[in-house]
Every structure is written in structure tokens, then in C-alpha cells.
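K.L.:
The following block contains a protein sequence and its predicted model.
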Amino acid sequence: MNKRVLVLENGKYFYGEGFGSSVNKIAEIVFNTSMVGYQEILSDPSYCGQIVTMTYPLIGNYGLADDDYESKNIFMSGFIVKEYNDFPSNFRFTKTLAEVMEENGVVGISGVDTREITRIIRDEGAMKAIITDASISIEDCLMQLKMATLATDQVKTVSTKNIWHSRTRNPEFTIVAVDCGMKMSIVKKFNQFGCNVVVVPYDTSMEEILSFKPNGLFLSNGPGNPEDVPEVIELVKKMRGKLPILGICLGHQIIGLAYGAKTYKMKFGHRGANHPVKNLLTDKIEITAQNHSYAITKESVKETELEITHINLIDDETEGMRDEKCKVYSLQYHPESAAGPEDSVYLFEQFTAVLREVGGEGNAKENRY
């Protein structure tokens, strides 16, 4: 390990031990409260262009397993941990966290006070930060941060460049998934519920999507500001009423914008596996996994044809919506990663039930309902 320094845009700095890549990275710093799942966090495209602070103190102790990646590529900029363990105890592990980070240009720093860093982010909001060699002066780091501009094309960066298929045995439906930074666990969940999935780039046209004769359209999670992907917003406007549509996370926000609702950037976002959400349709409380910086303004939904179906019990944020007439549904959280077995299943069950109700033999029809 080599000495590294983390410098925040507000002038605070922390010295620690480096692990992973030795490159210097400037990115937005955020925090995640999950106790496990660092491999899924590392490989989630939604963290593109971000440095993630893990609030749980011990990271790396079970290594990384080949079957647990959420994407083929890793887009995260950096990892901040209290204690890094480079000697995993897990019969499934194939590589250490540091090895994978080094291979993919992700910089890490350990031995820093992650509780203090988390408090700073909570009090002052997400901000730019740099992880670099400890020999670089703090003044130089602050100058670099002042001059740095954060990217706004994250979806373009993480989206698939080519159309690909994920098929299942005895499929009942075909889903076209618009990849804005999609997690593989979502694709696997659709396969589990009898759906062949056609994954397409974020800027795919409506005509090309309909050429696959799909039963439904899925809008994936992804990084950044939903307003930065007008192509997908326009797609929802055109596809509304032609196919059942489901959106998760960024897809949820995009559906809101397509209907005329407003979005805003949260102070420090929601990232973790323990966020309580109330399902207004069932009055049940769901413990959910979340990862987002932007949210839908609740008041703006009232002026659209959308109905709010879920709310966050911590800050009353809009967590779910639907347009029952046009069969459009969305969730802000990640149902495929939810803590409870029922939480992780019911959304996909309900959406496939809608596909079955709408009917058709895999042929998208004009104005089906």
C-alpha cells in the first residue's frame, strides 16, 4: 500500500493508505450505508463518475466472485473505507477487491475516518473530491478541484453500444430493456419470470424497439441527471399507450419527466440497503435498496396523469408511481436487491401479470388499450 490523500472541495482532507489503482481521480463523493454488497456497488453502473464512502467499517473480507458482478465493466471512480481486508475468507472468491479495482482504474483509500466524511456529506451535501498521492500539496489538490468539471454524459458512457439478448427457457414474454446503466440482476429477474430480454442502447428509436415485437418496455437504472437523457424521455412520450412500461430508479425519474413532473438533485442522495418505503396500495412497509442522487418533486406529480404509489418514510420522497390507464409503472428503489424475499419478487410478478392481461403473442400493437 502507498500513502494517499483524500481532499474534499470544502477544504477538508484525510491521509490514508492506498489500495486498488494508483491513478489520481476527481469525482463526486457520496456515501453508502450497506453492510454487505461492495462487489455489487463497485460494479453498479449507476456509480459512474463517483467516489463512494462505505459507512460499514470492514470492506474486502469476502473478496469478489465471478457470478456477482452487476455489469461487465466497472465505472466507479473511487472507494473510501475505514478498514480494507486483503485476505478474503470465502470459498467462492476469485479475486480480491484491490485486484479488480487495479485492473479497472478504480482508486481506493483506507484508514480514514469514514464517519466524519459521512457527516460532512450529510451536513454540506455531495461535492467534488480528489484521491491522489500524499506527496501532492493540499493547495494543489484544491486548485485541481476548483478547475474540474463533473461529467454530464454518464448514461452515454455506461449504456451498451450493441444490442444483446438474454433468453430464458420456455419464455412467455419479450421485454425490450433500454440500457441507461442496467444491473444484471434485473435482467436475471426478468428471465426468472419467463421473459426474454432484448437489451438496447439508450438512444434506440421507437421503430427499432417495436421491430422486436415486444410485450413490454423496461427503462433501467443508471447514473446522473435524468434531464441529461432527453432521448429516453421522448421515447416514453412516444411509447406511452403502445406497450406496458416499467421504470426503475433513473427509469422512474424519466417516466416522471415524460409526464410533466419535475426532478431535483437531493442534498446527498439515497444509497443503502435499509430505506423504509410505504406501499400506499397495500399499506405495507418495504425495506429497500436504493442508489440515486435525483428525485421527483412530489407536488409536481399531482399535475400529471400519474398516481403516487410509494413514499419514503424518512423524507416523504416519491418512491413509486403508476398510470393504470396506459399501464405505466415505476419505482425509485431497486426491487431486485430488496432485503425481503417478497419485496424482491412482487413488482416483477405484477408487471408480468399486466403483460398477460394486455395479451398478445409478443406483437406490439398500435393503441392496444
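P.N.:
Nice, I can see it. Numbering: from 1, shown residues only.
K.L.:
Pick out the residue closest to the middle of the chain.
P.N.:
A centroid search over the chain (CA atoms, centre = their mean) returns S46, at 3.8 Å, as the residue closest to the centre.
K.L.:
ok, that residue - contacts?
P.N.:
When contacts are counted by CB atoms under 8 Å, 6 or more residues apart in numbering, S46 touches G181, K183, N221, G222, P223, C249, L250, N291, H292. Just so you know, the C-beta spots here come from the backbone N, C-alpha and C atoms, and that holds for glycine as well.
K.L.:
now, the most widely separated pair of those?
P.N.:
By the measure CB to CB, K183 and H292 form the most distant pair in the contacts of S46, at 13.0 Å.
K.L.:
Tell me which of the two has more neighbours.
P.N.:
Neighbours were counted for K183 and for H292 using other CB atoms under 10 Å; K183 has more, 25 against 22.
K.L.:
From what I see, that one and E70 are in contact.
P.N.:
Yes. Using CB atoms under 8 Å, K183 is in contact with E70, at 4.3 Å.
K.L.:
what is in contact with the two at once?
P.N.:
In the contact map built from CB under 8 Å, 6+ apart, the residues linked to both K183 and E70 are E40, D44, P45.
K.L.:
Next, the closest residue in space to the second one that isn't next to it in sequence: secondary structure please.
P.N.:
In other words, D44. Once flanking residues are discounted, D44 sits nearest to E70: 4.9 Å by CB to CB, 6 or more residues apart in numbering. When classified by DSSP: H, G, I helix; E, B strand; the rest coil, E70 comes out as coil.
K.L.:
Sheet-wise, list the partners of the helix or strand encompassing E17 with their directions.
P.N.:
Using DSSP states H and E, E17 sits within strand 13-20. Next to strand 13-20 in the sheet, as set by DSSP bridges, lie strand 3-8 (antiparallel), strand 107-110 (antiparallel).
K.L.:
any idea of the mean pLDDT for the first one?
P.N.:
So that's strand 3-8. Across strand 3-8, the average pLDDT comes to 98.
K.L.:
what does that strand contact?
P.N.:
Strand 3-8 has contacts (CB under 8 Å, 6+ apart) with 13-18, 29, 80, 107, 109, 112, 117, 120, 127-136, 138, 141-142, 145.
K.L.:
host element of H310?
P.N.:
strand 307-312.
K.L.:
Other residues contacting that strand?
P.N.:
Everything outside strand 307-312 that qualifies as a contact, by CB under 8 Å, 6+ apart, is 270, 275-281, 286, 298, 301, 317-324, 329, 331-333.
K.L.:
mind listing which of the residues you listed are in strands?
P.N.:
Residues of the contacts of strand 307-312 located in strands (DSSP state E): 270, 275-279, 286, 318-323, 329, 331.
K.L.:
from those, which is closest to E305?
P.N.:
So of the ones in strands among the contacts of strand 307-312, ranked by how close each gets to E305 (CB to CB), first place is D323, at 5.4 Å.
K.L.:
V106 versus that closest one, what's the distance?
P.N.:
39 Å (CB to CB, to the nearest Å).
K.L.:
For burial, what's the neighbour tally of the nearest residue to M184 once chain neighbours are set aside?
P.N.:
Excluding its sequence neighbours, the residue lying closest to M184 (CB to CB, 6+ apart) is E70, at 5.3 Å. E70 has 25 neighbouring residues, counting by other CB under 10 Å.
K.L.:
E70 reaches Y47, doesn't it?
P.N.:
No. Between E70 and Y47 there is no contact under CB under 8 Å: 9.8 Å.
K.L.:
tell me the SS of S34?
P.N.:
S34 is classified as coil under three-state DSSP.
K.L.:
Identify the residues contacting it.
P.N.:
I41, M54, Y56, R271, G272, A273, N274, A289.
K.L.:
What is the neighbour count of the fourth one?
P.N.:
R271: 25 surrounding residues under other CB under 10 Å.
K.L.:
What residue, apart from its backbone neighbours, is nearest it spatially?
P.N.:
Leaving aside its chain neighbours, R271 sits nearest to N32 (4.2 Å; criterion: CB to CB, 6+ apart).
K.L.:
Surely the one you found and L42 touch.
P.N.:
No. Counting by CB under 8 Å, L42 is not a contact partner of N32; they are 10.5 Å apart.
K.L.:
how about the helices in the stretch 201-350 of the chain?
P.N.:
Assigned by DSSP state H, counting those that start in this stretch, the helices in the stretch 201-350 of the chain fall at 206-210, 230-239, 250-258, 298-301, 346-358.
K.L.:
quick one, which of these is nearest to Y84?
P.N.:
Nearest of these (CB to CB): helix 250-258, 30.0 Å.
K.L.:
Looking at D323 and V106, which is more packed in?
P.N.:
Remark: of D323 and V106, V106 carries more neighbours, 26 against 18, as counted by other CB under 10 Å.
K.L.:
Pop the domain breakdown of this protein in here.
P.N.:
Domains of the chain are assigned by automatic domain parsing as 3-150, 155-358.
K.L.:
Any idea how far apart the tips of the first one sit?
P.N.:
According to CA to CA, to the nearest Å, domain 3-150 extends 25 Å from its N-terminal end residue to its C-terminal end residue.
K.L.:
and it, how far out from the chain's middle?
P.N.:
17 Å (CA atoms, centre = their mean, to the nearest Å).
K.L.:
SS state for I51?
P.N.:
Three-state assignment for I51 (three-state DSSP): strand.
K.L.:
got any ranges where the stretch 201-350 of the chain has weak pLDDT?
P.N.:
Low-confidence segments of the stretch 201-350 of the chain (pLDDT under 70): 338-344.
K.L.:
on that earlier part again, closest to T94 out of the shared contacts of K183 and E70?
P.N.:
Distances from T94 to these, taken by CB to CB, are shortest for E40, at 15.4 Å.
K.L.:
now that closest one: how far from V112?
P.N.:
Taken as CB to CB, the span from E40 to V112 is 23 Å.
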